[in-house]
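**Student:** Based on what follows, work out the 3D shape:
(one chain, ligands or ions: 1)
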Amino acid sequence: MTTPAGRSGPAPGRHFGEEGGLLTYGGYLRLPELLAQQVPQADPPAHDELLFITVHQAYELWFQQLLHELGAARDAMAAAQTWRARQLLGRAHVIERLLVSQIDVLETMTPQDFLEFRAVLAPASGFQSVQFRELEFLSGAKDERFLARFRALTDAERARLAQRLAEPSLWDAFIGLLRGRGLRVEAADQVLASLVTIARDRASHDDLWQLAEDLLTHDEMAGLWRARHVQMVERQIGTKSGTGGSTGAPYLHKRVPLRYYPLLWELRDWL
Ligand code: HEM
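**Tutor:** Prediction:
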């Protein structure tokens, strides 16, 4: 209820906290359903399994949010709304920093505690995270070999990944913006030359320069996560192979140097 002074307060005869008679906090957020989804499997129970499940589920919620933000940033670039794309990428960066630091929480688990329940996970693995791969595809690293390697995909998941492979990536949208400004983008060397032009003439192209820097930060954050994740993996399981069947840390080390936007990194050489 709003008072004449514009302040809101409880309706007459009701106490603070009783306003949610129709829609409740737990109802709106579907908390009974959400909090019923953490189901440890180990027998006998292992104390740290709840933490392991919670951290992974929190990642998937943030991945969903990131796909929402990055998809909208891509669409904003396609609509030449560079200001909007920058705002959304800025939000994505903050979430990505959170995702890197969230690894600290899981690292409070000792390798011995992890071993109490690790066996019940196999052959499940973060490698099978569909949203993680969607994020890579949407960012521009479209590697369709992952589709063949995901044997347990549902039809809906496979369709989502195929859609991500088919639709424009963030990089495609950025290139479209350059083209719209009359900059040459037909081949990689032309894109690089256009990026140099943008960097040297910020008076004319500052929004494109800032956007390129935002994409680079997104790329850098993804790399930081991969580096941080493999460090944690080595701390937890050393050089043992992964529950997903890979070589474990050696596989993950090979993925650390992946770059979504190699030309943005190469640009530095030419400045
Ligand atoms: C004790 C903690 C963890 C361990 C020991 C671990 C271990 C591994 C290993 C060994 C792999 C390689 C694939 C395999 O053979 O399984 C992998 C991949 C992966 N993990 Fe983890 N992981 C842990 C936590 C996490 C968390 C919290 C996430 C968050 C979602 C995550 C996401 C991923 C992803 C997305 C991949 C695929 C990476 C790629 O293909 O580049 N992992 N993990």
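
**Student:** near the ligand, anything from the longest helix anywhere in the chain?
**Tutor:** Longest helix in the chain, counting residues (DSSP state H): helix 202-237. Yes: residues of helix 202-237 are located near the ligand by CB under 6 Å from any ligand atom, namely 229, 232-233, 236-237. In short, each C-beta sits where N, CA and C put it, glycine included.

**Student:** can you pull the contacts of the nearest residue to residue 170 once chain neighbours are set aside?
**Tutor:** With sequence-adjacent residues excluded and distances taken as CB to CB, 6 or more residues apart in numbering, residue 170 is closest to residue 74, at 5.0 Å. Each residue near residue 74 by CB atoms under 8 Å, 6 or more residues apart in numbering is listed here: 85, 138, 168-170, 172-173.

**Student:** again, 10 Å this time
**Tutor:** 85, 88-89, 138-140, 167-174, 176 (CB atoms under 10 Å, 6 or more residues apart in numbering).

**Student:** Now do the buried residues in the helix or strand hosting it.
**Tutor:** If you go by DSSP states H and E, residue 74 is part of helix 49-78. Judged by neighbour count (16 or more other CB atoms under 10 Å), helix 49-78 contains these buried residues: 49, 51-53, 59, 62-63, 66-67, 69-74, 76-78.

**Student:** out of the residues you listed, who's near the ligand?
**Tutor:** residue 59.

**Student:** filter the contacts of residue 74 to the buried ones?
**Tutor:** 85, 88-89, 138-140, 168-171, 173-174.

**Student:** Restricted to helices, list the residues you listed.
**Tutor:** 85, 88-89, 138-139, 170-171, 173-174.

**Student:** The residue positioned nearest the centre of the chain and residue 85: what is the separation?
**Tutor:** The centre of the chain sits closest to residue 63, judged by CA atoms, centre = their mean, with a distance of 4.4 Å. In this view, residue 63 and residue 85 are 20 Å apart by CB to CB, to the nearest Å.

**Student:** Point me to the residue of the stretch 151-271 of the chain nearest the ligand.
**Tutor:** residue 242 (2.0 Å; CB to the nearest ligand atom).

**Student:** burial count for the closest residue to that residue other than its chain neighbours?
**Tutor:** Closest residue to residue 242 apart from its sequence neighbours, by CB to CB, 6+ apart: residue 248 at 4.4 Å. By the criterion of other CB atoms under 10 Å, residue 248 has 20 neighbours.

**Student:** Let me know the pLDDT of residue 248.
**Tutor:** If you check residue 248, the pLDDT there is 95.

**Student:** dump the residue contacts of it.
**Tutor:** 125, 230, 233-234, 237-242.

**Student:** Equivalent analysis for residue 265, please.
**Tutor:** 216, 219-220, 259.

**Student:** what's the answer for residue 64, then?
**Tutor:** 131, 134.
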